[in-house]
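A.B. asks: one predicted model, sequence on top.
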Amino acid sequence: MGIRLELKVYGGAVVYQLRDGKPFFLLVQNAKSQAWEFLKDNKDANETLVEAANQAILKGIHSQLDLDSYFNHVIEYQHDDDTKQVTFYLAEAQAGAKYQLSNAKYSALAWFDEVSTKEHLTFLNLKEVLHDAVNHIGSNK
């Protein structure tokens with residue numbers, strides 16, 4: 001009999017802002033692993049994935065943004081003894097908006113253009129999320 005991994009479910013947000021018509025993406029650096037990633041937060045039993053994604057934004061950068069729930073991208077990966085499943089939504093921030101970290105699990109935040117975002121993202125599945133987000137943003141201009 002194999003080891004059964006626990007499924008942990010998260011809501012996440014790909015936060016972006018348009019600058020001269022081009023998207024720039026907000027990445028946060030995980031304080032433990034130093035990996036750059038999009039905001040995410042665990043889904044509590046009594047909340048929806050959209051609510052968990054909103055909590056990720058609120059807890060991560062102490063802000064509330066409207067989510068584009070027409071975009072969602074689900075990734076699944078193994079971490080330690082768990083399987084993690086994250087559903088990402090898009091959230092557009094106002095151009096020029098400044099944010100500060102409000103969660104100790106992140107050590108830094110920065111805005112990057114599409115190319116730099118792809119370079120900073122460590123994991124392939126997050127690069128796929130970025131690719132789909134860029135396509136979705138481009139189709140809605």
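C.D. replies: Noted; the coordinates are in hand. Numbers count the residues shown, from 1 in each chain.
A.B. asks: mind listing what the residue nearest the centre of the chain touches?
C.D. replies: Closest residue to the average C-alpha location of the chain: Phe38 at 2.9 Å, with CA atoms, centre = their mean. With contact taken as CB atoms under 8 Å, 6 or more residues apart in numbering, Phe38 is in contact with Gly12, Ala13, Val14, Val15, Phe25, Leu26, Leu27, Val28, Phe88, Leu126, Val129. C-beta: built from backbone N, CA, C; applies to glycine.
A.B. asks: and of the residues you listed, the nearest to Gln55?
C.D. replies: Looking at the contacts of Phe38 and their distance to Gln55, the nearest is Ala13, at 9.5 Å (CB to CB).
A.B. asks: tell me the pLDDT at that closest one?
C.D. replies: Model confidence at Ala13, given as pLDDT, is 98.
A.B. asks: I'd like to know which elements the host helix or strand of it is packed against.
C.D. replies: Taking DSSP states H and E as the criterion, Ala13 maps to strand 6-19. Under the contact definition 3 or more CB pairs under 8 Å, 6 or more residues apart in numbering; DSSP states H and E, strand 6-19 sits against strand 22-30, strand 39-42, helix 49-61, strand 82-92, helix 124-139.
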